[in-house]
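Novice: sequence and predicted structure below; questions after.
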Amino acid sequence: MRSLRFVVLLSACFHAIALDDSTLGFVSGQWSLSLEGTTGVSGMQLAVVSETTAIIFDKVEHNPLSVNGHPAWSVELNLVTKTVRPLNPISNTWCATGSFLGNGTFLSSAGQNGLQAIRLFTPCDDGKCDIFEDQNTVRLTSDRWYPASVRIEDGSVLIFGGSTALAFINNATINNPTYEFYPPKNINGFNGLQIPSKFLVDTLNGNHFPNVAYLPDGNIFVAANQQAMILNWRTNTETRLPGIPNGVRVSSPFSGSAILLPLTPENNYTPEIMICGGSTVSEDLPPENYSVFTPTSTQCARLVLTPAGIAAGWKVEFMPEGRIMLDLIQMPDMRILIVNGAHTGVAGYGTSFDMVGNSSATNPAFTPLVYDPSAPVGKRFSSAGIPATTIARMYHSTASLTPNGTIMMAGSNPNQDVSTVEFATEYRFEFYSPPYLSQPRPTYTGLPSTVNFNQKFELNVDLPPGTASVNVHIMDLGFSTHGVHMDQRLVKLVSTLSHDKRTLTVTGPPSARHYPPGPAFVFVVNDKGVPSFGHKTLIGTGASPPVDLGAIANLLNSTTSNWPTTV
Ligand SMILES: *[C@@H]1O[C@H](CO)[C@@H](O)[C@H](O)[C@H]1NC(C)=O
Ligand SMILES: *[C@@H]1O[C@H](CO)[C@@H](O)[C@H](O)[C@H]1NC(C)=O
Ligand SMILES: *[C@@H]1O[C@H](CO)[C@@H](O)[C@H](O)[C@H]1NC(C)=O
Ligand SMILES: *[C@@H]1O[C@H](CO)[C@@H](O)[C@H](O)[C@H]1NC(C)=O
Ligand SMILES: *[C@@H]1O[C@H](CO)[C@@H](O)[C@H](O)[C@H]1NC(C)=O
Ligand SMILES: *[C@@H]1O[C@H](CO)[C@@H](O)[C@H](O)[C@H]1NC(C)=O
C-alpha cells in the first residue's frame, strides 16, 4: 500500500498533480511468470480484440503454422485455452500499424509488399472471422512502411508517416512525410489524399514508428527522433514542443516508448506524456557501424501538455539501466510496467558489423520495472518481487495487458526468416501475473454493450471484504509493435458506490476527445489496487466512422495500387 500520500503531494507537486488519486493503493508482493505456449507465428504485432482473444501479426516467413497450404503470418490467440487459429491476410503485414475503428473493427494498415494495404478484422465469438483485404477498393493513398496510427474522436483512424521502401533507417529519398485518414476524409482541400507533415521532414532520419497519442483537446501528440509536436488535424497545423531532453532519439531504429499517463477527474483530465529509453547515438552512421554494444538511454521524460506544463518543460528521471525497444504497459492500478527490449544496440537486424546472429542489439532486458507515477522522484522504479524472464524479447517483440489483468509478452525475431541461431525466432509467449491477482478481486455484472459519453449506467458489484471505495477505469489496451503502443489509454470515470456497496453508478467519459469512440475494457479497481476482470464494451454508440464517398472515389481515382501482390 502507498503511504504518506499527502506528503508526496506537497513535496513533489508538479509531478503529483497529474496523477494523484489518494483513494487508490497498489498490492505489493511477489509476481509470477508463466510460460503458456506458442503463438505459431512470431508475435511482431499484438492487439487484444475481445475478453478472450488477441490477434497477432508477423511477417511472411517460414512459420511452423500453415493456412491454405502456405505458412501463416497471422493468428487469433485464445487467451484462456492458449490455442491459436491461423488467419489469412493476403498481403505481408511486416511493419504494419494497427488501431481499432469506433465500431470495434480492427484496422491493420501498411506493411511490406502490401505497403498500401488496409486489412479489416471484426472480432467474433464463433471462431469464423478472418481478415478482409481488397486493395482494389480499400487502400491507403500511398506506400507506408513503419507508420504509426491513432484513433480520433469520430472513430476513424489517422495513419501517420512511414517510408516507401524497406530500410534500416528512414531518409529523404524514401520518406513519406504525410498522413491520411481511414475512412478517407475530404479535409483541408486534400479530398481523400495524403496531407503533408513538415515534422516528418524535420525529424529525418530516425523517425520510423513515431509515438502518437490522442489528447483530450482533440489534438494529437507526436514524438519522433529528438522532437515532439502537437498536430491539429482539423486545420493541419503543427505546433512544436520542447525537444526530447538530452538529445535522446525515441523512434526506430532508436526505439524508445511513449505513454499517455492516466486521465482522471482528479487531474482534470490533464494530459501528460512519458517517454522512456531510446538512444543518443548519431543517426548518420552507415548501418553497419552501429555496434550491438551501442549504449542505450536510461532516460524517462515527462511533459504536462498544458501551456504551463510546456513552459515548465520536460521533467527527467532515470531508469536503473538503459533500454531500447522497450514496452510501456499501462496497468489497471495506474502503474506502468516496463518490459522487453535490450540494454545495448539498436533496432533491426542484419546490419551491425558485430551482430549477434543477425541481431543489431544484445544484452536483452530480462528484468521488468514497475513505474509508479505518483511516488516521489527517485522512488518510482522498482523490480521488487518480479522474477526475471529468460526469454530475450528484442526486435519484433510485443507486450500487452490482458483483460484478466496479466501482462502478456510475445515474439522477438531479429532475423530475415525463421532462425534457430541466437537470437532465435521466438514463438513462446509468457504472462506476468502482478500480485493483485492473488488477492480477492472485485467482480461485477451489468456492463452495457455500448457506453455513450456522459451516459450513466449501473454495475452490480461484489467487492472483497474491507473494500472502502472503488475506481472505474476504462482502458484501451492498444496495439503493440516495435515498442510503440498505438491508442493505449486509461481514463478514470466518475462513479458512486451505493451505501450497501452493491451498486456502482458510473458516468461515461466526458467526451470523444477524452476517449475516442471504440473498444474499452472496464476495470473496477478497489482501494487496495485490486482490479476486477476487464469486461469489454464499446465507448460511444458503436457506430461506424463517417464515410465520405467523394473522398474515397477521389482516392481510388488518383492513386494506383500495387495489388495484387504476391508474397
Ligand atoms: C485470470 O487469472 C486468474 C489468476 O491468475 C486465473 O485463475 C483465471 O483462470 C484467469 N481467467 C481467465 C479468463 O483468463
Ligand atoms: C535511402 O534508403 C534507401 C533504402 O535503404 C537506400 O537505397 C538509399 O540509398 C538511401 N538514400 C540515402 C540518401 O541515404
Ligand atoms: C564506419 O566504420 C568503418 C570501419 O570501422 C570506419 O572506417 C568508418 O570511418 C566508420 N564511418 C563512420 C561515419 O563512422
Ligand atoms: C543472417 O541473415 C542472413 C540473411 O538472411 C543469413 O544468410 C545468415 O545465415 C544469417 N546469419 C545467422 C547467424 O543467422
Ligand atoms: C466498421 O467500419 C468500417 C469502415 O467503414 C467497416 O468496413 C466495417 O465493416 C465496420 N464494422 C462493423 C462491425 O460494422
Ligand atoms: C477521375 O480522374 C479523371 C482524370 O483525372 C477525371 O476526369 C474524373 O472526373 C475523375 N473521376 C472521379 C470520380 O473523381
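Specialist: Structure received. Ligands and ions are numbered 1, 2, ... in the order given.

Novice: rest of the way, CA atoms for contacts and neighbours
Specialist: Fine.

Novice: on contacts alone, who are the packing partners of the helix or strand encompassing I56?
Specialist: I56 belongs to strand 53-57 when elements are defined using DSSP states H and E. If contacts are counted by 3 or more Cα pairs under 8 Å, 6 or more residues apart in numbering; DSSP states H and E, strand 53-57 sits against strand 45-48, strand 74-78.

Novice: tell me the most buried of those strands?
Specialist: Most buried of the helices and strands packed on strand 53-57, by mean neighbour count (mean count of other Cα atoms under 10 Å): strand 45-48, with a mean of 28.

Novice: if we can go back for a sec, for V304, find the nearest of the helices and strands packed on strand 53-57.
Specialist: Proximity to V304 (Cα to Cα) singles out strand 45-48 among the helices and strands packed on strand 53-57, at 27.6 Å.

Novice: domain-wise, how is this structure divided?
Specialist: 2-12+29-437+546-557, 440-539 (automatic domain parsing).

Novice: among these, which comes closest to T23?
Specialist: The closest approach between T23 and any of those, judged by Cα to Cα, belongs to domain 440-539 at 5.6 Å.

Novice: so how far is the closest one from its chain's centroid?
Specialist: How far domain 440-539 lies from its chain's middle: 19 Å, per Cα atoms, centre = their mean, to the nearest Å.

Novice: then stretch 322-337?
Specialist: Worked out by Cα atoms, centre = their mean, stretch 322-337 lies 10 Å from the chain centre.

Novice: CA atoms only: put that stretch into PDB for me.
Specialist: Output of stretch 322-337 as PDB, limited to C-alpha atoms (Å, rounded to 0.1, in the frame of the first residue of the first chain):
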ATOM      1  CA  GLY A 322      19.300   1.900 -20.400                       C
ATOM      2  CA  ARG A 323      16.800   0.300 -22.700                       C
ATOM      3  CA  ILE A 324      15.800   0.300 -26.300                       C
ATOM      4  CA  MET A 325      12.800  -1.400 -27.900                       C
ATOM      5  CA  LEU A 326      11.100  -1.400 -24.500                       C
ATOM      6  CA  ASP A 327       7.300  -1.700 -24.000                       C
ATOM      7  CA  LEU A 328       5.500   0.600 -21.600                       C
ATOM      8  CA  ILE A 329       2.300  -1.100 -20.400                       C
ATOM      9  CA  GLN A 330      -0.400   0.700 -18.500                       C
ATOM     10  CA  MET A 331      -1.600  -1.400 -15.600                       C
ATOM     11  CA  PRO A 332      -5.200  -1.100 -14.300                       C
ATOM     12  CA  ASP A 333      -3.900   0.100 -10.900                       C
ATOM     13  CA  MET A 334      -2.400   3.200 -12.700                       C
ATOM     14  CA  ARG A 335       1.200   1.900 -12.500                       C
ATOM     15  CA  ILE A 336       3.200   1.300 -15.600                       C
ATOM     16  CA  LEU A 337       5.100  -1.900 -16.400                       C
END
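
Novice: for the record, mean pLDDT for it?
Specialist: The average pLDDT for stretch 322-337 rounds to 98.

Novice: returning to what we had before: can you redo the helices and strands packed on strand 53-57 as JSON lines with mean pLDDT and distance to ligand 1?
Specialist: Output for those, formatted as JSON lines (pLDDT from 0 to 100; distance: least, Cα to the nearest ligand atom, whole Å):
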{"stretch": "strand 45-48", "mean pLDDT": "98", "distance to ligand 1": "13"}
{"stretch": "strand 74-78", "mean pLDDT": "98", "distance to ligand 1": "9"}
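
Novice: adding distance to V67, write the ones you listed out as a markdown table.
Specialist: Shown next, in a markdown table, are the helices and strands packed on strand 53-57 (distance: least, Cα to Cα, whole Å):
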| stretch | distance to V67 |
| --- | --- |
| strand 45-48 | 18 |
| strand 74-78 | 9 |
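
Novice: now do the buried residues in stretch 302-319.
Specialist: Within stretch 302-319, the residues that count as buried by 16 or more other Cα atoms under 10 Å are R302, L303, V304, L305, G309, G313, W314, V316, E317, F318, M319.

Novice: closest to ligand 6 out of these?
Specialist: Comparing the buried residues of stretch 302-319 against ligand 6 with Cα to the nearest ligand atom picks out L305 as the nearest, at 40.5 Å.

Novice: and the closest one, what does it touch?
Specialist: Counting by Cα atoms under 8 Å, 6 or more residues apart in numbering, L305 makes contact with T270, P271, E272, I273.

Novice: let me know the closest of those residues to V60.
Specialist: Of all the contacts of L305, V60 sits closest to I273, with 34.2 Å by Cα to Cα.

Novice: now the closest one: closest residue in space that isn't a chain neighbour?
Specialist: Nearest residue to I273, sequence neighbours excluded (Cα to Cα, 6 or more residues apart in numbering): L260, at 4.6 Å.

Novice: and T105, by the same measure?
Specialist: For T105, ignoring the flanking residues on the chain, the nearest one in space by Cα to Cα, 6+ apart is T122 at 4.4 Å.

Novice: can you tell me how far the one you found is from ligand 6?
Specialist: Going from T122 to ligand 6 by Cα to the nearest ligand atom, to the nearest Å gives 29 Å.

Novice: in contact with the residue lying closest to S32 once chain neighbours are set aside, which residues?
Specialist: Spatial nearest neighbour of S32, chain neighbours left out: S433 (5.2 Å); criterion: Cα to Cα, 6+ apart. Shown in contact with S433 (Cα under 8 Å, 6+ apart): W31, S32, L33, G405, T406, I407.
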